[in-house]
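Student: One predicted model, sequence on top.
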Amino acid sequence: MLSRLRQAYIPLFTQITVPYILLALIIASGGTYLVTRLIFDSLEERFANQLIETAVLAKESLVRVEEDLLEAVRLASNIQGVDRVVRQGTVEVLSELVLPGAYNTGVEALAILDGRGQRLLSLYLNPETQDYEVLRETAPYGDLAQVQAVLAEEVDPAGDKFGGIVATALGDYFFVSGPITDTEGNLAGVALVGISVESLAAQARAATLAQISFYTIEGEPLSSTLFEARNLPADLAEETLQRQDEASLTRSLQDSGINYNEIISPWEIRAQEDLGLMGVALPTAILVQASQFTRQNTLLLLGAALLLVVLVGMLVAGRIARPIQALKEASLQVTRGNLRMQVPQRGSNEISILTRSFNNMVDSLYSSEQSLLNAYQKTIEGWAMATDLRDHATEGHSQRVATLAVELSKTMGFKGDDLVHIYRGALLHDIGKIAIPDKILLKKGKLTAAERKTMQRHPELARKFMEQVEFLEPALDIPYAHHEKWDGSGYPRGLKGKEIPLAARIFSIVDVWDALTTERPYRAALSVDETINYIEAEAGGHFDPDVVKAFKTLMG
């Protein structure tokens with residue numbers, strides 16, 4: 001009986017919703033109150049208030065970033081011995097002093113200038129390598145007003161630190177600069193710590209969930225999280241600066257088909273200096289979020305009920321989530337290329353149907369992959385045949401050398417997919433000859449120097465052709481390097497010794513073997529012994545001696 005109940009079909013919707021019906025009744029009274037408040041409040045007024053509140057949050061996030069930069073400037077300028085090293089101008093020692101602190105504090109950009117404003121060090125943190133690399137400014141740091149103020153030992157109401165925008169080869173950066181002084185208070189140099197304006201916008205967006213844009217004083221965009229940043233009208237930019245103590249101005253804009261309202265305010269830094277303008281935009285179609293007061297009351301009202309929901313939900317969801325977790329793990333395996341993955345099917349509900357569909361889908365993907373690989377292989381073989389047919393003297397050559405190259409590669413330790421790539425590369429070793437004119441490729445007599453030079457371009461032509469096909473890139477070694485010689489006298493790159501890929505060294509012997517042992521219109525085929533003797537004589541010249549030994553063993 002219990003077994004039959006377990007196999008009974010119970011819709012997943014029912015399994016999830018029934019336990020929560022009673023919980024919904026518990027929170028209904030509080031929810032009714034909140035919904036009533038939201039309905040009767042003015043949506044337009046609430047949206048405007050939310051936009052203003054979001055702008056305030058964005059400014060607070062900028063203040064936090066600026067405080068972090070100020071702290072980083074203080075740390076960099078107060079490192080023991082940094083004043084002496086700056087005066088000496090020893091860049092290597094300077095890097096050793098300041099980079100550990102930069103790494104620890106996550107500084108995005110850092111510059112150190114001497115007492116004349118000359119750059120000693122200018123670095124940025126590469127987000128891909130997580131290493132500091134050279135940051136090139138488009139104009140000398142020493143020409144910046146914020147640097148000139150530090151060099152002049154100016155002090156504003158906020159102290160002796162100054163901020164500003166610096167244009168670099170990687171884009172605009174916001175830098176805070178401060179003095180590096182010795183123990184006697186004498187100016188030794190200038191430290192600048194910065195963050196890209198792009199990162200600044202991204203951090204403000206993360207803090208507010210709004211679209212953030214930074215503009216110059218004239219209204220030109222510096223960076224924006226919008227898909228397409230737009231200039232501010234000049235009159236709007238000017239009015240914003242003039243009325244910054246009275247009111248905030250807004251404008252409507254559209255981005256990626258979404259309508260936004262953007263509130264414009266001055267971008268202020270230390271001592272209330274206007275560095276530019278900042279725009280904070282919210283979609284006009286979003287549901288108006290509750291105010292901070294309402295959110296606090298919501299948390300208090302729903303806290304107890306949600307705790308109960310979580311406890312019950314954990315019990316219910318745990319049973320439901322296990323098969324979904326299995327599907328997730330199987331999906332990850334499929335994304336890694338394992339198309340033989342199957343998920344055990346349990347029960348009789350939507351998840352079991354989904355599991356069966358998933359298994360069928362993976363089977364279909366595997367079949368499609370095999371069909372596609374077969375189609376690729378037939379296409380490659382067709383290209384190889386087309387190459388051979390251009391020159392009837394080499395008909396069947398590509399197929400023969402591909403087969404023999406795979407056999408020799410096995411003796412040299414190649415396995416699995418590597419053998420597949422060698423087979424494809426051998427089939428297409430002369431694919432570049434498709435671009436060689438018939439008058440040269442099919443010429444009966446000896447080629448002139450110019451014609452020979454043209455003929456020797458076919459490995460490079462093969463590379464250009466195969467590089468465009470991602471599927472063929474692993475097979476490129478043979479077409480590109482099969483005319484290289486062990487002694488470095490080959491072409492197209494003149495590679496020498498083990499600079500030549502092993503697959504190409506293997507194939508060069510197989511290619512010569514087939515050419516010499518096959519009847520050609522312009523000469524008779526050599527015997528096996530004659531060909532072996534020739535290949536052995538070329539060991540250390542044309543061919544890799546180790547591969548020659550393996551080839552002799554293979555050929556008995």
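Tutor: Alright, I've got the coordinates.

Student: what are the ranges of the helices in the stretch 351-500 of the chain?
Tutor: Chain-ordered helices for the stretch 351-500 of the chain, with DSSP state H, counting those that start in this stretch as the definition, fall at 397-411, 416-427, 438-441, 449-455, 458-467, 477-481.

Student: nearest residue to residue 494 other than its sequence neighbours?
Tutor: residue 488 (5.5 Å; C-beta to C-beta, 6 or more residues apart in numbering). Placement of C-beta: from N, CA and C, glycine included.

Student: Spell out which residues make up each domain of this structure.
Tutor: Per the record, the chain has its domains at 2-40+292-333, 64-192, 200-283, 391-554, by automatic domain parsing.

Student: Let me have those domains in JSON lines, extended by distance to residue 368.
Tutor: Supplementary listing: those in JSON lines, determined by distance: least, C-beta to C-beta, whole Å:
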{"stretch": "domain 2-40+292-333", "distance to residue 368": "17"}
{"stretch": "domain 64-192", "distance to residue 368": "34"}
{"stretch": "domain 200-283", "distance to residue 368": "34"}
{"stretch": "domain 391-554", "distance to residue 368": "15"}
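
Student: pretty sure the residue nearest to residue 494 is touching residue 540, no?
Tutor: No: with contact defined as C-beta atoms under 8 Å, residue 488 does not reach residue 540; the gap is 11.6 Å.

Student: Need the per-residue pLDDT for the residue nearest to the spatial centre of the chain.
Tutor: The C-alpha lying nearest the average C-alpha coordinate of the chain belongs to residue 128 (C-alpha atoms, centre = their mean; 7.8 Å). The confidence metric pLDDT takes the value 89 at residue 128.

Student: what about the strands in the chain?
Tutor: Using DSSP state E, the strands of the chain run over residues 109-114, 119-125, 132-134, 162-168, 171-181, 187-196, 211-215, 221-224, 249-255, 258-269, 273-283.

Student: What mean pLDDT does the fourth one get?
Tutor: This means strand 162-168. Here the average pLDDT along strand 162-168 is 89.

Student: so what secondary structure elements neighbour that strand?
Tutor: Packing contacts for strand 162-168, counted by 3 or more C-beta pairs under 8 Å, 6 or more residues apart in numbering; DSSP states H and E, involve helix 145-151, strand 171-181, strand 273-283.

Student: of the ones you listed, which approaches residue 498 most closely?
Tutor: In terms of C-beta to C-beta, the element of the helices and strands packed on strand 162-168 nearest to residue 498 is strand 171-181, at 43.1 Å.

Student: I'd say residue 404 and residue 514 touch.
Tutor: Yes: the criterion here is C-beta under 8 Å, and residue 404 meets it with residue 514 at 7.1 Å.

Student: So those two - more neighbours on which side?
Tutor: Relative neighbour count places residue 404 above the other of residue 404 and residue 514, with 21 against 18, counting by other C-beta atoms under 10 Å.

Student: mind checking how far the more buried one is from residue 422?
Tutor: Computed with C-beta to C-beta, to the nearest Å, the distance linking residue 404 and residue 422 is 11 Å.

Student: Is there a neighbour count for the closest residue in space to residue 135 that isn't next to it in sequence? I'd like the number.
Tutor: Nearest-residue entry for residue 135: residue 124, 4.1 Å, with adjacent residues in sequence omitted and distances by C-beta to C-beta, 6+ apart. If you count neighbours by other C-beta under 10 Å, residue 124 ends up with 22.

Student: give the contact list for residue 124.
Tutor: Shown in contact with residue 124 (C-beta atoms under 8 Å, 6 or more residues apart in numbering): 108, 109, 110, 132, 133, 134, 135, 168, 170, 173, 196.

Student: Give the full set of residues in contact with the fifth one.
Tutor: With contact taken as C-beta under 8 Å, 6+ apart, residue 133 is in contact with 123, 124, 126.

Student: Find the nearest non-adjacent residue to residue 95, please.
Tutor: When the adjacent residues along the chain are set aside, residue 95 lies closest to residue 121, with 6.4 Å between them (C-beta to C-beta, 6+ apart).

Student: Quick one: residues contacting that neighbour.
Tutor: 91, 94, 95, 98, 110, 111, 112.

Student: so where's the stretch 351-500 of the chain uncertain?
Tutor: When residues are selected by pLDDT under 70, those of the stretch 351-500 of the chain lie in 369-370, 372-373, 375-377, 381, 384, 386-395.

Student: Contact partners for the residue nearest to residue 494?
Tutor: Applying C-beta under 8 Å, 6+ apart, we find residue 488 in contact with 494, 495, 496, 497.

Student: Residue 334: neighbour count?
Tutor: 17.

Student: Residue 430 too?
Tutor: Residues lying near residue 430 (other C-beta under 10 Å) number 26.

Student: do residue 69 as well
Tutor: Burial of residue 69 is recorded as 26 neighbouring residues (other C-beta under 10 Å).

Student: Leaving out chain neighbours, which residue sits closest to it?
Tutor: Counting by C-beta to C-beta, 6+ apart, the residue nearest residue 69 is residue 176, at 4.2 Å.

Student: Who does the one you found form a beta bridge with?
Tutor: When bridges are assigned using DSSP bridges, the partners listed for residue 176 are residue 163, residue 193.

Student: got the contact list for it?
Tutor: In this structure, residue 176 makes contact with 66, 69-70, 72-73, 146, 161-163, 192-194, 270, judged by C-beta under 8 Å, 6+ apart.

Student: I figured residue 456 hits residue 483, correct?
Tutor: Yes: here residue 456 lies in contact with residue 483, judged by C-beta under 8 Å, at a distance of 7.3 Å.

Student: Identify the contacts common to those two.
Tutor: Jointly contacting residue 456 and residue 483 under the rule C-beta under 8 Å, 6+ apart are 491, 492.

Student: More neighbours: which of these two?
Tutor: Of the pair residue 456 and residue 483, residue 483 is the one with more neighbours under other C-beta under 10 Å, namely 19 against 15.

Student: which stretches of the stretch 101-250 of the chain have low pLDDT?
Tutor: For the stretch 101-250 of the chain, no stretch has pLDDT under 70.

Student: try 80 this time
Tutor: 156-160, 245-248 (pLDDT under 80).

Student: And for residue 220, the neighbour number?
Tutor: 14.

Student: contacting residues for it?
Tutor: 231, 232.
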